[in-house]
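Enquirer: Sequence isn't available, so here's the structure alone:
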């Protein structure tokens with residue numbers, strides 16, 4: 001439903017984080033949550049129906065019960081009842097992050113010109129595991145030829161810029177501020 005962009009930081013409302021924690025605590029099977037996301041992506045009209053304030057709660061509940069896995073129906077009904085369906089994608093995103101936190105997993109983004117080899121990727125994962133005290137790191141690789149060389153590593157709220165473009169920009173700043 002939403003496109004991921006590498007250069008934007010998205011603010012997630014605290015309510016979405018609370019709902020995500022509840023979703024986690026309900027111990028709904030991950031497969032059912034993924035199935036729910038898939039339904040919303042494949043049939044966006046369902047999401048629009050659940051968002052629509054004109055449609056009665058009874059009709060929304062009927063749609064939920066007919067389409068979604070039983071294990072997530074009550075959660076979706078409460079989300080509708082509390083008029084939080086507009087935050088559903090933020091809830092799912094927060095849920096994924098919360099699951100990772102509970103499992104001591106961190107997702108990091110490596111932006112580079114060329115794909116790193118296995119050894120380089122492992123060194124970056126080890127660096128992040130040591131720095132953030134995590135047991136596992138998922139490394140997402142994005143290619144950006146404008147870096148000219150080197151890489152940018154984003155982990156948590158930190159960014160490590162070891163790219164040639166970044167170094168040139170820092171050098172330019174030093175030279176122009178004198």
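Expert: That came in fine, so what should we check first? Computed from a predicted model, the values in this text were never measured in an experiment.
Enquirer: residues contacting the closest residue to residue 105 other than its chain neighbours?
Expert: If the residues on either side of it in the chain are set aside, residue 105 comes closest to residue 136, at 4.6 Å by CB to CB, 6 or more residues apart in numbering. C-beta: built from backbone N, CA, C; applies to glycine. Contacts for residue 136 (CB atoms under 8 Å, 6 or more residues apart in numbering) come out as 103, 104, 105, 106, 129.
Enquirer: Just the buried residues of the strand or helix carrying residue 152, please?
Expert: Using DSSP states H and E, residue 152 maps to strand 151-155. Judged by neighbour count (16 or more other CB atoms under 10 Å), strand 151-155 contains these buried residues: 151, 152, 153, 154, 155.
Enquirer: circling back: filter the contacts of residue 136 down to the ones in strands?
Expert: 105, 106 (DSSP state E).
Enquirer: Pick the one among the contacts of residue 136 closest to residue 140.
Expert: When those are compared for distance to residue 140, the smallest value, 11.1 Å, is given by residue 106; criterion: CB to CB.
Enquirer: Against residue 168, how distant is the residue nearest to the closest one when sequence neighbours are not counted?
Expert: The shortest distance from residue 106 to any non-neighbouring residue, by CB to CB, 6+ apart, is to residue 134 (4.4 Å). Taken as CB to CB, to the nearest Å, the spacing of residue 134 relative to residue 168 amounts to 32 Å.
Enquirer: Looking only at neighbour counts, state which of these two leads.
Expert: Higher neighbour count among residue 134 and residue 168: residue 134, with 21 against 11, using other CB atoms under 10 Å.
Enquirer: Give me the three-state assignment for the residue nearest to residue 106.
Expert: Three-state assignment for residue 134 (DSSP: H, G, I helix; E, B strand; the rest coil): coil.
Enquirer: now swap in the one 4 residues further on and tell me
Expert: Secondary structure assignment for residue 138 (three-state DSSP): strand.
Enquirer: residue ranges for the helices of the chain, please.
Expert: For the chain, the helices defined by DSSP state H occupy 14-25, 30-42, 44-51, 57-67, 70-81, 88-102, 118-132, 164-176.
Enquirer: Kindly reformat the ones you listed as CSV and extend each row with mean pLDDT.
Expert: Output for these, formatted as CSV (pLDDT from 0 to 100):
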stretch, mean pLDDT
helix 14-25, 92
helix 30-42, 95
helix 44-51, 94
helix 57-67, 95
helix 70-81, 96
helix 88-102, 91
helix 118-132, 93
helix 164-176, 91
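Enquirer: What count of nearby residues applies to residue 34?
Expert: Residue 34 is flanked by 12 other residues according to other CB under 10 Å.
Enquirer: could you list every residue that touches it?
Expert: If you count contacts by CB under 8 Å, 6+ apart, residue 34 has none.
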